[in-house]
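Trainee: Sequence and computational prediction follow.
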Amino acid sequence: MSAIDLFSPLAVGRMTLPNRVVMAPLTRNRSTPEGVPRALNVEYYRQRAGAGLILTEATCVSPTAVGYPLTPGIWNEAQVAGWRAVTDAVHGAGGRIHCQLWHVGRVSHPDLQPGGIAPVAPSAIAPAGEAFTMAGPKPFVTPRALALEELPGIVADYRAAAANALAAGFDGVEVHAANGYLLDQFLRDGSNRRDDAYGGAIDRRARLLMEVMAAVVDACGADRVGVRLSPVQPFNDMRDSDPRATFSRVVDLLGDFPLAYLHVTEVGRDAPGAAGPFFDPLELRARWRGVYMTNGGYDQARANAVLAAGRADLVAFGVPFLANPDLPERYRRGAPLNAPDPATFYGGDAHGYTDYPALAD
Ligand code: PHB
């Protein structure tokens, strides 16, 4: 009997993935200024269709969800049409693709907001650091705390975005509840100081995420929906007084939905000032009955080891997939990898985006 490895197929929702090499969501800042995917983006994703599953770059659910220049959206017809070309290309090349649904919350800037308004957040607490605007980095501003009456509108934006994702031909969606963006800002007590039904004890801090999950599941079917968490990620000035307790409860609550998968990034656990007291995010796997995806600096050997040990079912690769359009095939053949070029990660043109060579080239 051979051990489970990156090339063991896996049923995920309605799909069977031919391998467990998932392409992680990667912000690349190469959409149009209107947030519409273009031909260059179609080619990038088509090149990577050998992934067991592609997770798109984070994709904004509404105009106020935007926090970085040239990131895509999925709230209007032009964006849906742009994504349709991407999903057609990926499916034509034999692949599968989920759209990652994003609202940045406080990690924005009036320069990026419609009408120059303040970004929204659970509480009026500015993160330390700078936003990336079209005019360069600018200090984060104090966000406006969302009123209770506004929260159904946020849930409705996610529902509409999920329906748009299906209309664009995606196989499903991933709710981005990680990395210090809006839903994560509600989950962690460093950014959520509300005293209403959406703040305080963890079940209340998790309420917005659970309402979003219910809406997205209603729009897509649970077997087309995944969710991403980042329990120890300090990025975007995030902290929590007890991350193990917080995220254990979040995973238990998510267990009410028979989701396609749970995606937990381990990124941050070795960072200085990692979010709160240390714990190993892989502990969460024991609380989850379904498919468990991990992420965070894995190479082929470590990925095969985590799969063989039964500590995860899927591994998402970010930087290696960015630099190697045919990453699964390289792993299969034991071929050398292209070196990533960090100078071209965010923004620019085809250089450092669609010009990394495949093996046959
Ligand atoms: C980024 O643009 O830096 C970024 C976007 C989404 C993430 C993390 C980082 O989840």
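Mentor: Arrived safely.

Trainee: Can you name the residues of this structure sitting close to the ligand?
Mentor: T27, A58, Y68, A178, N179 (Cβ under 6 Å from any ligand atom). Backbone N, C-alpha and C define where each C-beta goes, glycine included.

Trainee: Next up, the contacts around the closest residue to the ligand within the stretch 51-200 of the chain.
Mentor: Going by Cβ to the nearest ligand atom, the ligand is nearest to N179 of the stretch 51-200 of the chain, at 3.6 Å. Taking Cβ atoms under 8 Å, 6 or more residues apart in numbering, we find N179 in contact with S230, Q233, F235, N236, M238, T265.

Trainee: Quick one: which of those is the most crowded by neighbours?
Mentor: Neighbour counts for the contacts of N179 (other Cβ atoms under 10 Å) peak at S230, which has 31 neighbours.

Trainee: Skipping its backbone neighbours, what lies nearest that residue in space?
Mentor: A178 (3.6 Å; Cβ to Cβ, 6 or more residues apart in numbering).

Trainee: Contact partners for that neighbour?
Mentor: By Cβ under 8 Å, 6+ apart, the residues touching A178 are D184, R228, L229, S230, Q233, T265.

Trainee: would you list the residues you listed in JSON lines and tack on pLDDT, distance to M213 and secondary structure?
Mentor: Converted to JSON lines, these look like this (pLDDT from 0 to 100; distance: Cβ to Cβ, whole Å; DSSP: H, G, I helix; E, B strand; the rest coil):
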{"residue": "D184", "pLDDT": "98", "distance to M213": "14", "secondary structure": "helix"}
{"residue": "R228", "pLDDT": "99", "distance to M213": "12", "secondary structure": "strand"}
{"residue": "L229", "pLDDT": "98", "distance to M213": "12", "secondary structure": "strand"}
{"residue": "S230", "pLDDT": "98", "distance to M213": "16", "secondary structure": "coil"}
{"residue": "Q233", "pLDDT": "94", "distance to M213": "20", "secondary structure": "coil"}
{"residue": "T265", "pLDDT": "98", "distance to M213": "18", "secondary structure": "strand"}
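
Trainee: before we move on, back to that, may I have the phi/psi pair for the spatially closest residue to the residue of the stretch 51-200 of the chain closest to the ligand that is not a sequence neighbour?
Mentor: In space, and not counting its chain neighbours, N179 is closest to S230: 5.1 Å by Cβ to Cβ, 6+ apart. Dihedral pair for S230: phi -140, psi 80, per degrees, to the nearest 10.

Trainee: Repeat that for A350.
Mentor: The phi/psi pair for A350 (degrees, to the nearest 10) is phi -70, psi -30.

Trainee: Please tell me how far it sits from the ligand.
Mentor: Counting by Cβ to the nearest ligand atom, to the nearest Å, the gap from A350 to the ligand is 20 Å.

Trainee: Please apply the same query to R205.
Mentor: Distance from R205 to the ligand, by Cβ to the nearest ligand atom: 19 Å.

Trainee: thinking that residue is in contact with N192, fair?
Mentor: Yes: between R205 and N192 there is a contact under Cβ atoms under 8 Å: 5.2 Å.

Trainee: Restricting to C-alpha, output stretch 26-37 in CSV.
Mentor: The C-alpha coordinates for stretch 26-37 follow below in CSV (Å, rounded to 0.1, in the frame of the first residue of the first chain):
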residue,chain,number,x,y,z
LEU,A,26,-1.8,35.3,-4.9
THR,A,27,-2.3,39.1,-5.2
ARG,A,28,-0.6,40.2,-8.4
ASN,A,29,-2.1,43.7,-9.1
ARG,A,30,-2.4,43.3,-12.9
SER,A,31,-6.2,43.8,-13.5
THR,A,32,-7.5,46.9,-15.1
PRO,A,33,-8.1,50.0,-12.9
GLU,A,34,-11.8,49.0,-13.0
GLY,A,35,-11.0,45.6,-11.4
VAL,A,36,-11.6,43.6,-14.6
PRO,A,37,-9.5,40.6,-15.5
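
Trainee: Contacts only, for R287.
Mentor: Each residue near R287 by Cβ under 8 Å, 6+ apart is listed here: S248, V251, D252, G255.

Trainee: Reduced to three states, what does the second one come out as?
Mentor: On the three-state scheme (DSSP: H, G, I helix; E, B strand; the rest coil), V251 is labelled helix.

Trainee: Now that we're looking at it, what pLDDT does it have?
Mentor: Looking at V251, its pLDDT stands at 98.

Trainee: Could you count how many residues lie near A118?
Mentor: Counted with other Cβ under 10 Å, the neighbours of A118 add up to 18.

Trainee: So which of the residues of the chain next to the ligand sit within strands?
Mentor: Judged by DSSP state E, these include A58 as members of strands.

Trainee: Determine which two of the residues of the chain next to the ligand are furthest apart.
Mentor: The most widely separated members of the residues of the chain next to the ligand, counting by Cβ to Cβ, are Y68 and A178 (15.4 Å).

Trainee: ok so, going back, and the gap between the residue nearest to S230 and V120?
Mentor: Separation of A178 from V120 (Cβ to Cβ, to the nearest Å): 18 Å.

Trainee: Kindly report the same for L70.
Mentor: Taking Cβ to Cβ, one finds L70 at 21 Å from V120.

Trainee: what about these two, which has more around it?
Mentor: V120 (23 against 19).

Trainee: What about the more buried one? Give its phi and psi, please.
Mentor: The phi/psi pair for V120 (degrees, to the nearest 10) reads phi -110, psi 160.

Trainee: Check P139 too.
Mentor: Backbone torsions of P139, given as degrees, to the nearest 10, read phi -60, psi 140.

Trainee: tell me the contacts of E43?
Mentor: Neighbour list for E43: A89, A350, T354 [criterion: Cβ under 8 Å, 6+ apart].

Trainee: what do you get if the cut-off is 7 Å, keeping everything else the same?
Mentor: Counting by Cβ atoms under 7 Å, 6 or more residues apart in numbering, E43 makes contact with T354.
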